[in-house]
Each structure stands twice: as structure tokens, then as C-alpha cells.
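S.K.: coords please:
(one chain, ligands or ions: 3)
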Amino acid sequence: MRKKSKRKAINKVKKNPLWLTLLFCFVIALIVDVFIAFFASSFTTYIIESKIVGEYESVSYLAKLYDKNTDENEDIFSALNEEGRDYYIADKHGKIIYQNGNNTMGNTSGYLELPSMADKKGDHGDVRAYLDNSTEGFLTTDDEGKITFDPESMLAFAYKVEKDLHADTQGKQASINLPIWIAIDVKDGKQVFYGKASFVFSMSDIVLLSAFILVGIALVGCILILMLVNMITTFTSQKRMTKYFFTDPITRGHNWMWFTYKGEKILRKRKFASQTFAILDLVFLKYRNYCVCHSVAEGEEMLCKIDRLIKENLGKNEFSAHYASANFALALKANSPEELEARVKGLLEKLEALESDHRVTFHVGAYLLQPVKDAKGRITKRRDIDIEREYNNACTARATLDGCDDSGIAFFDADLVEEQKWIDIVLDKYEAAIENEEFVVYYQPKYDPKTSELKGVEALIRWNSPELGFKAPSTFIPILEKNGLIPKIDKYMISHVARDQKSWLDMGLACVPASVNVSRAHFMEKDLANQIKNMVDKEGCPHEYIEIELTESAFFDDKKAMIDTIEQLKDMGFKVSMDDFGSGYSSLNSLKDMPLDILKLDAEFFRGDLNDDRGEIVVSQALKLAKDLNMLTVAEGVEEKEQVDFLAKYGCDMIQGFYFAKPMPKEEYTKRMDDLSTPENEAIAQPNPEALRKAEERRLAAEEAADEKAAAENEAENPE
Ligand code: C2E
Ligand code: MG
Ligand code: MG
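M.R.: Ligands and ions are numbered 1, 2, ... in the order given. Alright, predicted model coming up:
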């Protein structure tokens, strides 16, 4: 799901709408072009026609004069000649009867049919216009003799004529005369009057037409330029955004987003199908320490240097990025694990040399991405690439180096694959396991080292899975903790332990406080004390029979919230203990601030030789310290008689260890308590009746509250 939304985000940034802009540009330019062409040709036609009509009227007038003249004696030709126009009259066989001026008609063979003059037909019969010699080039006629105008060649022609005229008139401004011969049938069709029409195309016409076309071209140009500018700005801002999106704010190099995007692109390529790649997690150890010794700014500068150095050592089609904090992700070509190891070691040496006055070390985890084969055993291109998953594997491998301060490299191997599979199984099955009550409570008693009297018990979880077998907490608790799923388990345990305690009390057994482990992750939950109280009350167990164990590491999260919760729990009558004291850091400081009842010394205290002076001093002083702080003490992991004697000597209150008892199933522990509940042990066996009465009251109140809540919910759902 997360991956999908990330991909979406990447695609959003990478999506390039350039082709859309280009297409839009092209369509707009095309539309404007069509309009300009249409208007230009209409305008040209209009100019040409309007000029020809005037001329036609004059020629027609002469033809009319000639046609109407019936007086043989009248010198009609002198009258016609006075008009100063070239004309001639031919009989129907084409023989010229009379001619005035030059006859240049007919060389191009075509004739014009003037559309706007069609209605003038009939006056003198057919009207035709023949092309003059000089019209060749811009007026063309089709097979039927109809004229078509080609504005472009007309302009070229006009330019040529203008040049000629300029030469002729020595630079004087001139108009362009494009002669056309107009033929009009006269004398009832027996003769034809040919008049030369001077189609005068003045320079202002050319200028107007040119201006019109130029404005059109400029308009198209403007639109194109605007589009281009828009395209370029979109493109550059998109590039800038992409860069920003893929840039790490600290190293100013590539970030994780880029790594996954680029990585999936490269690794999916067919040409790299047979190439083994190694996905690496490289971490700069003790980065925080470095920042404390120098400064955060110097620490970040160091990360920049690391990023740069890694980049300098990359080969072609290898890539890297700053992941987060002091972690870097790398993808290197790996022909063999040995070669990769040698290469990484070389890189680590260079990285270590980045600092001369501060020892810097690095851990690298490597996951080898082998070529993928199809069903027939042929190498195929990698389709199922999940860089995040591969990088996680590299991180898992790197984590195996935790605890070692020197630089090193670890590979993700078969064991880790199994480990990963197990993690997936736990995460997949734990919820059903809770529902099916597959988790069982084991009890490990705590005894007084002096009297061997039962003083307390710790509830420890086991997973009795019909499918997976019997599992110790170390195999699943850390996984659930890491994935934030532990609160459910802790609540399960509190409820079950409270239920068991209540039933033992009801049985009149020698009940002692039972401690339940509550994970540090659980302490992040608000209202934890109330939650615990409600669970215990629901089972009707007196609060003093429940002890809450916190691990020492929990004390480093939110100190204030922790103190508040401890105080609330104590006010409610629960006991609170610190588990594994001495296994972490800063224990003394947490003791100072936390109002705890019980201190549990970690088993590590008893692993060495207690008779050595230093060991004795540490343990005895820890016990004294707890005593001075009014705390009871429990020693965990005690296996030897000498350890028991030693702890008894220094006043340790309880011992929890294999020496006395291993964690045992509920039934076995019940039997142990039953054995203790003899008349001699009456004092222990006798539960506090007042505490029992109060617990019963709370149980009833809790039941009532639950009923009321259910009724209110029911009413809200069905208001009627
Ligand atoms: P812990 O709370 O410190 O529990 C003590 C562990 O030490 C238990 O391991 C117990 O079996 C073991 N132990 C006790 N005496 C001896 C001894 O003499 N020798 C040796 N070698 N071991 C001894 P276990 O039951 O495997 O539990 C491991 C850890 O798992 C617990 O450490 C606790 O942190 C966690 N855990 C167990 N149950 C729960 C639970 O219900 N909730 C949570 N959050 N954590 C739990
Ligand atoms: Mg514990
Ligand atoms: Mg412990």
C-alpha cells in the first residue's frame, strides 16, 4: 500500500506532459494557418476581382458602343480609339477586322471565366477573358479553363514586375499592370470584341496583402513563441521539482526516493538480467556520538563527504543515496561475494580515512540480487523488483554486526532468509494465536534465599502453536516489539495472570504476587495504568497480587510519562519493578527518579565468578543501594548453591532461577502452591479477606460498567 502511494507520488513528479503541450501547439498553429490561408486567398480573390470588374466595365462599354453602332458612316473606331485601350475585333473565324494597339493575346491558350461577371452575360453574349503573355506564373487555369490564383507566386511575380518597373522607371514608384484580354461576342455572335483589360495592381495593394500575410505569420509566430515559452517554463519547473523531490536535504545528493525509482528502472533492464547486483546498507557508526563530539553541522558535513566519496567509487550503472540518519543505500555490480567484499573493504578504508582526528567506522550489510530464471531455466529480466525489500534484507544482514565497533561487512545468508521467513510467520499468525489462546502462561517462582519460602512468581509467555510447535518468548517477543504489536500480548498476559490469581485465591491457595512483563513500547500508550486496572478488576483480582515489570531500557523513552504511570499504578495498589537492572546504561540515574518497589538484578551479574572481589563489591553494593532506597530485591538467573548463599549473605530478598525452579506450566505451579498450603504454612496460604472483598466489589463495578457501556452502545445503534 505504502509502496503504491510512493510510486504514485514519483509518477506524479516524473509525468511529463510535454507531448501534450506540443500537440496543443501544433493544433493551434494548424488552425491559425488554415484561417490565414483562407482569409489570404479570399482577400486576394476580392482584390483581383474588384480590379477586373472595373476594367471589364470599360471594355464592355467599348464593346457595347461597337455593337450598337449601326451607322455605317460614323467613324466608330475613332470613337473607340479615343478611349486609348488596346482592342481588336475578329470575325467568328478569328480573322481580325480591326485592331488598335498591340495584340498580345492568346499565347497561354487558357481563358478566364470571371465569376462575378456571369450575371452580365447576355448583354453581348458570352464573356471570356484570355490570359495575356505576362500573366504566366501567378494565374493558372485548369483543364476547363477556370482560373485559380496562387497568392504566393503572384507576390513573387509582382516582385519581379516591380523590379523590372523600377529598372524601367529609374526608381519611380509604379503600379503593376497585369493585362487580361476580355472577349465579348458582338453583332449577334458574328464578331468578337477583344479588349485589353489592364488589371492594375498597385503597390498599396501589394503592401496591404503583404501586411495581411505578415500579420498572419506574426500571429502564428507569436502563438508558437508563447507556447514555446510556456513549454520551456513548464519543463524547467518540472525539472526543478523533480530535482527537489529526489534530492536529500542533508547531503544534497540523491535521496531514498530516487534510489528506489532509479534502482527499479536499472534492475528491470533486460541488459542487466544476467548481472548480479548487491544492494547494500552502509551505516556510519556512532554518528550521534560524532555530532556530540563535534557539532550537528559537522556531523552533517561528514555525511556529505561520505555521500560524495561513495559516489566517486561507483561504476557505470551503479547508484547510491542517503537513506536516513547515518545510513546510505548502495547498489553495486557484484560478480562474486569475494570480489564485492574486497571492493567494499577498499571503500571502507577510504571512508575511514575521511577523518584523521576522530576514529570513524562503518558497517555494511549486503544482499545479493541474483539473476532470475524462468521455468525453462533461462535467465529472464527481473520483473518483481522491490528495492525496499532488498534493502531491508541488507539492513538485516548489517544488524548482525551490531555490538561490534570496527568496520565490517555482513551478507544476507540462508540463516537470515530463514529468520526473515520466521518474522513473516509470526506477524502473519500472532493475531489468530491470541484468539485461539495459543499463548500460554508459564510461571517461575521466586524464593527467599534464606528460608526457601515462596515469595513471588513471574509470569512468562510461551507460544504453544499446534502448527509451529512450542516457542520460547525470545523467538517472537522481539519481533512483536519491533513491529509495535506487543501491547496486545501484554494485555493478554495481564488478563490471564489476573484470572489465574483470582482462581487460586478462590481455591484458597498460597497466593503470592505475580509479576507480568510490560514492554517499553506499551508505555507509549496513554492511560496505561487505567487500562491495567480495568483488566485486573474485570477478573476480580486484588491489585496487590499483580506486579508490573518494566525493562530498564523503557526508562529512557519518556521519563515524565513513565514516572506518572508508575505513580498511578502504585496508587492503585499494584507493585512495580525494574527488570534486568544492570543490563543497560544509566541504571543508577533511573533508580534516582523512579519510585519503584522492586529491583530485579540482571542474570548477567551472576555469570562470572562472584567470589572475585570486584563482582562481590558490585552485587553487594547494588543490593545495599536498593535496600537504602526502600526497594525489595530479586536476583534473576541464579543457578548455583554458592550464588544463593552469597545472595542470602548480602540480604537479597528473592531469588528467581533454575536453582529453585524453571518456568513451569500453570498446572505444575498450582500443584506447588497446593503443596505449600499445609496447616504449617497457613499464614502464607491465608489470603487477605479485606483485599478479596474489595477486589470482588471492583469486579462487580467493572461488570456493571461494562453492561452499561454495552447498553449505551446498543441504544446508540438502535435509537428506537
Ligand atoms: P525476563 O523478564 O528477564 O525473564 C527472565 C528470563 O530468564 C526468563 O526467560 C527465564 O526463563 C530466564 N531464567 C530465569 N532463571 C534462569 C536461570 O537460572 N538460568 C537461565 N539460563 N535463565 C533463567 P524467558 O522465559 O525465555 O523470557 C525471556 C524474556 O522474554 C523475558 O525476560 C522477558 O523480557 C520476555 N518475556 C517473557 N514473557 C513476556 C511477556 O509476557 N511479555 C513481554 N513483554 N515480555 C515477555
Ligand atoms: Mg521479567
Ligand atoms: Mg529479567
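
S.K.: care to break the protein down by domain?
M.R.: Residue ranges for the domains of the chain, per automatic domain parsing: 20-216, 256-412, 423-676+688-709.

S.K.: buried residues of stretch 223-234, list them for me.
M.R.: Under the neighbour-count criterion of 16 or more other C-beta atoms under 10 Å, stretch 223-234 has 227, 231 buried. Where you see a C-beta, it was placed from the backbone N, CA and C, and this is true even at glycine.

S.K.: element containing the residue in the stretch 401-550 of the chain that ligand 3 sits nearest to?
M.R.: Closest contact between the stretch 401-550 of the chain and ligand 3, by C-beta to the ion, is at Glu549 (7.3 Å). Assigned by DSSP states H and E, Glu549 belongs to strand 546-551.

S.K.: now swap in Lys627 and tell me
M.R.: Counting by DSSP H and E, Lys627 is found in helix 613-628.

S.K.: in contact with the residue of the stretch 401-550 of the chain closest to ligand 3, which residues?
M.R.: 458, 515-518, 577-579, 600 (C-beta atoms under 8 Å, 6 or more residues apart in numbering).

S.K.: how about these in TSV, adding distance to ligand 2?
M.R.: Formatted as TSV, these follow (distance: C-beta to the ion, whole Å):
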residue	distance to ligand 2
Glu458	6
Ser515	7
Val516	8
Asn517	4
Val518	9
Ser577	8
Met578	10
Asp579	4
Lys600	7
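
S.K.: and the buried ones among those, selectable in PyMOL?
M.R.: Buried subset of the contacts of Glu549, written as a PyMOL selection, criterion 16+ other C-beta under 10 Å:
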select buried, resi 458+515+516+517+518+577+578+579+600
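
S.K.: how about the stretch 201-350 of the chain: which residue is closest to ligand 1?
M.R.: Arg288 (25.9 Å; C-beta to the nearest ligand atom).

S.K.: helix, strand, or coil at that residue?
M.R.: State at Arg288, reduced to three classes by DSSP: H, G, I helix; E, B strand; the rest coil: helix.

S.K.: neighbours around it, how many?
M.R.: By the measure other C-beta atoms under 10 Å, the count of residues near Arg288 is 11.

S.K.: repeat for the one 3 residues further on
M.R.: Neighbouring residues of Cys291 were enumerated by other C-beta under 10 Å; the total is 17.

S.K.: may I ask which helix or strand encompasses it?
M.R.: Secondary structure (DSSP H and E) places Cys291 in helix 287-293.

S.K.: so which elements touch the helix holding Lys627?
M.R.: Packing contacts for helix 613-628, counted by 3 or more C-beta pairs under 8 Å, 6 or more residues apart in numbering; DSSP states H and E, involve helix 587-593, strand 598-601, strand 632-636, helix 641-649.

S.K.: distance of the residue of the stretch 201-350 of the chain closest to ligand 1 from Ala326?
M.R.: 8 Å (C-beta to C-beta, to the nearest Å).

S.K.: can you report phi and psi for Gln99?
M.R.: The phi/psi pair for Gln99 (degrees, to the nearest 10) reads phi -140, psi 140.

S.K.: what about it, distance to Glu57?
M.R.: Distance from Gln99 to Glu57, by C-beta to C-beta: 22 Å.

S.K.: how about stretch 659-675 against ligand 2, any contact?
M.R.: No. Against ligand 2, stretch 659-675 shows no contacts by C-beta under 5 Å from the ion, the least distance being 10.7 Å.

S.K.: sorry, back to before: and the contacts of Glu549, which is closest to Phe246?
M.R.: Phe246 lies nearest to Val518 out of these, by C-beta to C-beta, at 42.9 Å.

S.K.: what distance do you get for that closest one to ligand 1?
M.R.: 6 Å (C-beta to the nearest ligand atom, to the nearest Å).

S.K.: surely that residue meets Asp490?
M.R.: Yes. With contacts counted by C-beta atoms under 8 Å, Val518 reaches Asp490, the gap being 5.1 Å.

S.K.: between these two, which contacts overlap?
M.R.: What both Val518 and Asp490 touch, as defined by C-beta under 8 Å, 6+ apart, is an empty set.

S.K.: ranges for the strands of the stretch 301-450 of the chain?
M.R.: Assigned by DSSP state E, counting those that start in this stretch, the strands in the stretch 301-450 of the chain fall at 319-324, 327-333, 362-369, 372-373, 379-380, 408-411, 439-447.

S.K.: which residues sit against the second one?
M.R.: It stands for strand 327-333. By C-beta under 8 Å, 6+ apart, strand 327-333 touches 256, 259, 263, 266-267, 275-284, 306-307, 310, 314-315, 317-323, 340, 343-344, 391, 394-395.

S.K.: quick check: neighbours of it in the sheet, parallel or antiparallel?
M.R.: Applying DSSP bridges, strand 327-333 is found paired with strand 277-284 (antiparallel), strand 319-324 (antiparallel).

S.K.: as TSV, these with mean neighbour count and mean pLDDT would be great.
M.R.: Listed next are the strands paired with strand 327-333 as TSV, based on neighbours: other C-beta atoms under 10 Å; pLDDT from 0 to 100:
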stretch	mean neighbour count	mean pLDDT
strand 277-284	25	97
strand 319-324	21	96
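
S.K.: now those strands as TSV including distance to Ile563?
M.R.: What follows is the strands paired with strand 327-333, written out as TSV (distance: least, C-beta to C-beta, whole Å):
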stretch	distance to Ile563
strand 277-284	33
strand 319-324	31
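
S.K.: between those, which gets nearest to Glu639?
M.R.: Using C-beta to C-beta, the nearest of the strands paired with strand 327-333 to Glu639 is strand 277-284, at 37.3 Å.

S.K.: so what's the gap between the closest one and the chain middle?
M.R.: 21 Å (C-alpha atoms, centre = their mean, to the nearest Å).

S.K.: who in this structure is up against ligand 1?
M.R.: 444, 460-461, 472-474, 477, 486, 489-490, 493, 517, 519, 579-580, 636-639, 656-658, 663 (C-beta under 6 Å from any ligand atom).

S.K.: of those residues, which count as buried by neighbour count?
M.R.: Judged by 16+ other C-beta under 10 Å, buried ones among the residues of the chain next to ligand 1: 444, 460-461, 473, 477, 486, 489-490, 493, 517, 519, 579-580, 636-638, 656-657, 663.

S.K.: which ones among those also lie next to ligand 3?
M.R.: Near ligand 3, by the rule C-beta under 5 Å from the ion, you find 579-580, 636 out of these.

S.K.: give me the neighbour count for Arg672.
M.R.: Count around Arg672 with other C-beta under 10 Å applied: 18.

S.K.: in what helix or strand does it lie?
M.R.: Using DSSP H and E, Arg672 falls in helix 666-676.

S.K.: next, the angle from that helix to strand 439-447.
M.R.: 30 degrees (axes from the mean of the first three to the mean of the last three C-alpha atoms, to 10 degrees).

S.K.: would you pull up how far helix 666-676 lies from the middle of the chain?
M.R.: Here the centre of helix 666-676 is set off from its chain's centre by 58 Å, with C-alpha atoms, centre = their mean.

S.K.: other residues contacting that helix?
M.R.: 440-443, 445, 454, 457, 500, 504, 509-511, 661, 664, 684-685.

S.K.: can I get the buried part of the residues you listed as one ChimeraX selection?
M.R.: For the buried members of the contacts of helix 666-676, the matching ChimeraX selection, counting by 16+ other C-beta under 10 Å, is:
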select :441,442,443,445,454,457,500,504,509,510,511,661,664,684,685
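
S.K.: which one of the contacts of helix 666-676 sits closest to ligand 1?
M.R.: Using C-beta to the nearest ligand atom, Tyr442 is the member of the contacts of helix 666-676 that sits closest to ligand 1, with 6.8 Å.

S.K.: narrow the residues of the chain next to ligand 1 to those in strands?
M.R.: Counting by DSSP state E, the residues of the chain next to ligand 1 place 444, 460-461, 517, 579-580, 636, 656 in strands.

S.K.: turn these into JSON lines, including distance to Thr670 and pLDDT.
M.R.: As requested, those are exported to JSON lines (distance: C-beta to C-beta, whole Å; pLDDT from 0 to 100):
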{"residue": "Gln444", "distance to Thr670": "14", "pLDDT": "98"}
{"residue": "Leu460", "distance to Thr670": "16", "pLDDT": "98"}
{"residue": "Ile461", "distance to Thr670": "18", "pLDDT": "98"}
{"residue": "Asn517", "distance to Thr670": "21", "pLDDT": "95"}
{"residue": "Asp579", "distance to Thr670": "24", "pLDDT": "92"}
{"residue": "Asp580", "distance to Thr670": "28", "pLDDT": "89"}
{"residue": "Glu636", "distance to Thr670": "23", "pLDDT": "95"}
{"residue": "Gln656", "distance to Thr670": "18", "pLDDT": "97"}
